[in-house]
Structure formats: C-alpha cells, structure tokens
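K.L.:
here you go, sequence then predicted model.
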Amino acid sequence: MTVSRRKAIQTAFAGVLGAMWAPYVNLSRFRLFPGSEQEYSARAIRLIEESLVVDMLAPLTLNFPAGREWLANPDVYPDEEARRWQESGITAIHPALGIGGPNANEDVTAFLHGLNGLMASRDEFVRIDSADDFGRAKSSGRVGIVLGVQNSEHFRTVDDVDLFHSFGQRLSQLTYNARNLIGNGSTERTDGGLSDFGVQIVARMNAVGMAVDVSHCGDQTTLDAFDASTKPVLITHSNCRSLVPGHPRCKTDEAIRRMARTGGVMGITGVRMFVKSDEPTSLDDMLNHYDHVANLVGVEHVGIGSDIDLYGYDDMPAEENERLRAGYKGSYGFRDKIDIDAVAHPKRMYDLTEGFIRRKYSDDMIRAVLGANFIRALTATWEKDGEE
C-alpha cells in the first residue's frame, strides 16, 4: 500500500509530537518503590508529605518471635525495617498488642519498657507523649510511637492507671475479645457491659489523660464506655457492621453515632473479613467503610487503623499465621487471605490517599482522615482534668 507524501509528513509530525509530549503525560505520576511499576499522583504524594499521618493500630511486626527479640535487644532491630517505616509516609503509629492473662501486669510492663528501650536506642523513632509531639516527629523525619495496649487486664487496681501512664502509656483498650474485670470482649458468649471496676478505670483514665479504646469490646461494654467517659472515646481499629452484618468485630451504627457524640474517631481496618463477608474483597470495599462513617456522623470522626505491620498478616511466617488463627473463635470468619493486597505493603498510605481522591474527598477531608482527626481527639483526651 502506497502512502502519500502529505500522509507521511502527518504521520512523522504526529510521532514527533508524541515523543515531545510523552515525558509530560506521566509527569504528574511518580514511582516510589524501587523495582515497582506502581505510580502515585502528584496530589497524593503532596498530601502525604504535608499531612500528619497517623495509623492508630500498626504493630512494629506481626512476626511475634522476632518482635520479642527486638524489644529484648534493640541492637538487633534491622536497619532496613526502620528505614521502611521512615519511608512509609506514616508520621506516627500505635503498635499495641493484645496482652492479657494472669501475668498481664508484668507482661505489659515488659512490653512498654521494651518499646521505650527501642526508642532510646534507635534515632528513627520517638515517643509521642503529647499532641505537639506529632509535629515534632514529622519535622525530624522520625516515626512517632503512641504507647498503648489492646487490653486493660494489667490494671489490677485503679492506681495502676497512674503507674502505666508514668511508663508512657497514652491509650488502653478496655478489653480484648474475652471478658475481663472491666467488661466484655466482642466474642464473649454473653453481652455484659462495663463493670463497676470498669467505670472506675475509665474515670481514672480520663483524669490522668489516657485515651479509652473500645475496638475489641462487646456491644454493651462499648456503649457503656461512651456513657462513662467524659473525654472522647476511640475505636482505633474496626469496621461497620451495617456493611458486614453479624461480625462481632464490627461496630453498629448506634455505636458509631455514640462514639461521634463523645468527640471520638473510628479507625478503619483492612482486615479482609471485617471489610466484606464474601469474595471478592477489594480496596473499594474498604473505602466503603470510610464513606459509611463519614456519611453517618461526619468525616471528622473517621481515621486509619490498619491493624497490620508494614506487610500484613499474609506475610507472617506460616507457623505464626496458623497459631494466630487458632487463637480466635470461629465467629472471626477467617478466609484463605486476611489482607487486602492493595493496602498490605509499606506504601499503603499512598494507595489509601489515591482511593480518597477517587471518592472525591477534598484535600482538607483527606488530611483529616489521614491523621488530623485522631490528633484532635487525642489532644482533648490527653489534657488532664483542670487543664485548658
């Protein structure tokens, strides 16, 4: 087939234009992973860079034997792990674990002292004791750590709240999944509420400036905590039961409304069975939970509580993954995978931000969800009674 001279010139000119413009077509998108083809928009990168990004449930590692070794001997903590946290875009994490049992007091003491030792030994981390520390962590390029525990069995007496606050603890989940002296967990056989001792614990937490978390609490204990507390109550890591009917680890709309009335914030997890009751389960399904809370009570009451380390549950050593699954009741509904792949990696905050952009969240809304909401609630919570 012959080609006219005019057609040849037009084709060549189009090729030149294409070559000229090709560098600019993708100018607003960038690759952040060495060796990865994943690209992020300039807007998402800017929002992460300018925001205080807070993940209100992010353990240092889900490889628990390694984690115990790191806390016992901070010198063996891998430089690569510290670097990945610094490059994650996350300003601060709440690396709480669910520690309970007859030795809870001693075990939590060792856990908090281990984290304090790690922070003292590693320049990459800094403890968050007050709201101003979030900004200082960001400006210094370090990752802030909010000390907390996913259980309160270590409070043997009301005075223990003061003791553990002196260790740096700034947040405590009232119960894990089972019943303790404070109240009921989410998978307990009966749905009892907050005990008299639990009411006293909440009052002392309010007084010293320690945040109350009800993520794993049973429904009635959750509601009772909202009544008992004079400060914002947090749901650091959970999902919406109206989107996953019947799941005990998800919160009812009533609980979400009551949480918002205290001034609290709810962090959304990427745990697959909390996000959707069947497959396929995707990032969009996770984003539906953010939308649901925002539509129900306002975007100022939703934040991030990933409930994973940098890599997720599916990257745990096989024996640890099996042991983890065996430790929960069937109502948890484990499936083959636990994570949502799109947000089970060190750069997940960028993927979440891209998701908020697709959902038409404004920059102010995105900054609020990324961290400003939790910081606002923690600021109000950490003020001791009588402070302004």
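P.N.:
Structure's in. What do you need? Residues are numbered from 1 along each chain as shown.
K.L.:
ok, for the residue positioned nearest the centre of the chain, nearest residue in space, not its chain neighbours?
P.N.:
Nearest to the geometric centre of the chain sits residue 305, at 2.1 Å (CA atoms, centre = their mean). In space, residue 305 comes closest to residue 267 once its chain neighbours are excluded; the distance is 2.4 Å by CB to CB, 6 or more residues apart in numbering. (Glycine included, C-beta is placed from N, CA and C.)
K.L.:
ok, that neighbour touching residue 374?
P.N.:
Yes. Under the criterion of CB atoms under 8 Å, residue 267 makes contact with residue 374 at 7.2 Å.
K.L.:
ok, those two, which is more surrounded?
P.N.:
Legend: neighbour count by other CB atoms under 10 Å for residue 267 and residue 374, higher for residue 374 (31 against 28).
K.L.:
for the more buried one, give me phi and psi.
P.N.:
Dihedral pair for residue 374: phi -60, psi -40, per degrees, to the nearest 10.
K.L.:
ok, then the element right after the helix or strand of the chain with the lowest mean pLDDT?
P.N.:
One helix or strand of the chain scores below all others by mean pLDDT, DSSP states H and E: helix 5-25, with a mean of 38. For helix 5-25, the succeeding helix or strand toward the C-terminus, using DSSP states H and E, is strand 29-31.
K.L.:
for the helix or strand immediately after that next one in the chain, give the mean pLDDT please.
P.N.:
On the C-terminal side of strand 29-31, the nearest following helix or strand under DSSP H and E is strand 39-41. Mean pLDDT, strand 39-41: 93.
K.L.:
on that earlier part again, and the residue nearest to the centre of the chain, what does it touch?
P.N.:
55-57, 94, 215, 235-238, 266-269 (CB atoms under 8 Å, 6 or more residues apart in numbering).
K.L.:
got it, and residue 147?
P.N.:
Neighbouring residues of residue 147 by CB under 8 Å, 6+ apart: 112, 115, 116, 127, 128, 167, 168, 169, 170, 171.
K.L.:
distance of it relative to residue 60?
P.N.:
Residue 147 sits 12 Å away from residue 60, going by CB to CB, to the nearest Å.
K.L.:
likewise residue 271?
P.N.:
18 Å.
K.L.:
please enumerate the shared neighbours of residue 267 and residue 374.
P.N.:
Here residue 267 and residue 374 have 56, 234, 303, 304 as joint contacts, going by CB under 8 Å, 6+ apart.
K.L.:
buried subset of these, written for ChimeraX?
P.N.:
Buried residues within the shared contacts of residue 267 and residue 374, by 16 or more other CB atoms under 10 Å, are selected in ChimeraX with:
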select :56,234,303,304
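K.L.:
among the shared contacts of residue 267 and residue 374, which ones are in strands?
P.N.:
Cross-referencing these against strands under DSSP state E gives 234, 303, 304.
K.L.:
can I get these in a markdown table with distance to residue 348 and pLDDT?
P.N.:
As requested, those are exported to a markdown table (distance: CB to CB, whole Å; pLDDT from 0 to 100):
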| residue | distance to residue 348 | pLDDT |
| --- | --- | --- |
| 234 | 21 | 98 |
| 303 | 14 | 98 |
| 304 | 9 | 98 |
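K.L.:
need the contact list for residue 349.
P.N.:
Taking CB under 8 Å, 6+ apart as the contact definition, residue 349 lies against 48, 53, 55, 88, 89, 90, 304, 370.
K.L.:
which residues of the stretch 251-388 of the chain score low on pLDDT?
P.N.:
384-388 (pLDDT under 70).
K.L.:
please read the previous query as pertaining to the stretch 1-150 of the chain.
P.N.:
Counting by pLDDT under 70, the stretch 1-150 of the chain contains low-confidence ranges at 1-27, 33-36.
K.L.:
what number of residues lie near the residue nearest to residue 379 when sequence neighbours are not counted?
P.N.:
With CB to CB, 6+ apart as the criterion, residue 379 has its nearest non-adjacent residue at 4.0 Å, and that residue is residue 131. Residue 131 has 17 neighbours, counted by other CB under 10 Å.
K.L.:
am I right that residue 131 is in contact with residue 378?
P.N.:
Yes. The criterion here is CB under 8 Å, and residue 131 meets it with residue 378 at 6.2 Å.
K.L.:
what about the helices in the stretch 1-150 of the chain?
P.N.:
Ranges of helices in the stretch 1-150 of the chain, per DSSP state H, counting those that start in this stretch, are 5-25, 42-50, 64-72, 79-87, 104-121, 132-140.
K.L.:
tell me the buried residues in the third one?
P.N.:
By neighbour count, with 16+ other CB under 10 Å as the criterion, the buried positions of helix 64-72 are 66, 67, 70, 71.
K.L.:
among those, which one sits closest to residue 82?
P.N.:
residue 70 (10.4 Å; CB to CB).
K.L.:
which residue packs closest to that closest one, ignoring adjacent ones?
P.N.:
Distance criterion CB to CB, 6+ apart; nearest residue to residue 70, sequence neighbours excluded, is residue 77 at 4.6 Å.
K.L.:
show me the beta-bridge partners of residue 211.
P.N.:
Counting by DSSP bridges, residue 211 is bridged to residue 171.
K.L.:
how close does it sit to residue 146?
P.N.:
Residue 211 is 9 Å from residue 146, by CB to CB.
K.L.:
can you list residues touching both of those two?
P.N.:
Listed as contacting both residue 211 and residue 146 by CB under 8 Å, 6+ apart are 170, 171, 378.
K.L.:
can I get those in a markdown table including neighbour count?
P.N.:
Shown next, in a markdown table, are these (neighbours: other CB atoms under 10 Å):
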| residue | neighbour count |
| --- | --- |
| 170 | 23 |
| 171 | 23 |
| 378 | 27 |
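K.L.:
out of those residues, flag the one nearest to residue 328.
P.N.:
Using CB to CB, residue 171 is the member of these that sits closest to residue 328, with 22.4 Å.
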